[in-house]
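this one's sequence-less:
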(Lines give C-alpha, C1' and ligand atoms only; values in the text may rest on other atoms or scores of the structure.)
Protein backbone atom coordinates (compact mmCIF):
# COMPACT_ATOMS: atom_id res chain seq x y z
CA UNK A 1 0.00 0.00 0.00
CA UNK A 2 1.37 3.36 -0.93
CA UNK A 3 1.12 6.78 0.60
CA UNK A 4 -1.62 7.68 -1.87
CA UNK A 5 -3.82 4.85 -0.60
CA UNK A 6 -3.30 5.85 3.03
CA UNK A 7 -4.14 9.45 2.23
CA UNK A 8 -7.28 8.32 0.39
CA UNK A 9 -8.37 6.20 3.38
CA UNK A 10 -7.77 9.14 5.72
CA UNK A 11 -9.82 11.42 3.49
CA UNK A 12 -12.64 8.87 3.30
CA UNK A 13 -12.78 8.62 7.09
CA UNK A 14 -13.00 12.41 7.28
CA UNK A 15 -15.84 12.37 4.77
CA UNK A 16 -17.61 9.71 6.86
CA UNK A 17 -17.26 11.93 9.93
CA UNK A 18 -18.79 14.82 7.97
CA UNK A 19 -21.68 12.59 6.92
CA UNK A 20 -22.27 11.58 10.55
CA UNK A 21 -22.43 15.29 11.40
CA UNK A 22 -25.10 15.67 8.71
CA UNK A 23 -27.07 12.80 10.24
CA UNK A 24 -26.95 14.46 13.65
CA UNK A 25 -28.17 17.74 12.16
CA UNK A 26 -30.93 15.85 10.38
CA UNK A 27 -31.98 14.27 13.66
CA UNK A 28 -32.34 17.76 15.11
CA UNK A 29 -34.56 18.78 12.19
CA UNK A 30 -36.65 15.65 12.68
CA UNK A 31 -37.08 16.50 16.36
CA UNK A 32 -38.43 19.88 15.22
CA UNK A 33 -41.15 18.12 13.23
CA UNK A 34 -39.66 18.05 9.73
CA UNK A 35 -40.01 15.01 7.49
CA UNK A 36 -36.43 13.94 6.89
CA UNK A 37 -36.88 10.41 5.56
CA UNK A 38 -35.75 11.10 1.98
CA UNK A 39 -32.80 13.18 3.17
CA UNK A 40 -31.78 10.41 5.55
CA UNK A 41 -31.92 7.80 2.78
CA UNK A 42 -29.68 9.95 0.61
CA UNK A 43 -27.19 10.59 3.38
CA UNK A 44 -27.05 6.93 4.42
CA UNK A 45 -26.47 5.95 0.79
CA UNK A 46 -23.47 8.27 0.59
CA UNK A 47 -22.19 6.88 3.89
CA UNK A 48 -22.44 3.30 2.64
CA UNK A 49 -20.54 4.17 -0.55
CA UNK A 50 -17.71 5.72 1.49
CA UNK A 51 -17.55 2.65 3.72
CA UNK A 52 -17.38 0.37 0.67
CA UNK A 53 -14.52 2.48 -0.69
CA UNK A 54 -12.69 2.21 2.64
CA UNK A 55 -13.21 -1.54 2.65
CA UNK A 56 -11.88 -1.88 -0.90
CA UNK A 57 -8.75 0.12 -0.08
CA UNK A 58 -8.17 -1.74 3.17
CA UNK A 59 -8.15 -5.03 1.26
CA UNK A 60 -4.86 -3.88 -0.26
CA UNK A 61 -3.18 -3.96 3.17
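Sure thing, it's come through. Please read these numbers as outputs of a predicted model, since none were measured by experiment.

in the longest helix along the chain, what counts as buried?
Looking across the chain with DSSP state H, the single longest helix is helix 3-31. Neighbour-count burial for helix 3-31, counted by 16 or more other C-beta atoms under 10 Å, picks out 9, 12, 15, 16, 19, 26. Just so you know, the C-beta spots here come from the backbone N, C-alpha and C atoms, and that holds for glycine as well.

Touching, the third one and residue 53? I think so.
No. Contact between residue 15 and residue 53 fails when scored by C-beta atoms under 8 Å: they sit 9.1 Å apart.

Which neighbouring elements make contact with the longest helix of the chain?
The criterion is 3 or more C-beta pairs under 8 Å, 6 or more residues apart in numbering; DSSP states H and E, and the helices and strands that helix 3-31 contacts are helix 37-58.

which residues does residue 23 contact?
In this structure, residue 23 makes contact with 40, 43, 44, 47, judged by C-beta atoms under 8 Å, 6 or more residues apart in numbering.

just to revisit the earlier point, could you give the mean pLDDT of the longest helix of the chain?
Averaging the model's pLDDT scores along helix 3-31 yields 96.

got the angle for that helix vs helix 37-58?
Using axes from the mean of the first three to the mean of the last three C-alpha atoms, to 10 degrees, the direction of helix 3-31 lies 160 degrees away from that of helix 37-58.

Tell me the spacing between residue 21 and residue 59.
The spacing between residue 21 and residue 59, counted by C-beta to C-beta, to the nearest Å, is 27 Å.

same check, this time on residue 39
31 Å.

Pull the distance from stretch 27-40 to the chain's centre.
Computed by C-alpha atoms, centre = their mean, to the nearest Å, the separation of stretch 27-40 from the middle of its chain amounts to 18 Å.

scratch that, stretch 15-35 is what I was asking about
Using C-alpha atoms, centre = their mean, the offset of stretch 15-35 from its chain centre is 12 Å.

likewise stretch 21-41?
Taking C-alpha atoms, centre = their mean, the mean C-alpha location of stretch 21-41 is offset from the chain mean by 15 Å.

before we move on, what about stretch 52-61?
Its chain's average C-alpha position is 15 Å from that of stretch 52-61, according to C-alpha atoms, centre = their mean.

again, but for stretch 46-61
Taking mean C-alpha positions (C-alpha atoms, centre = their mean), stretch 46-61 and its chain are 10 Å apart.
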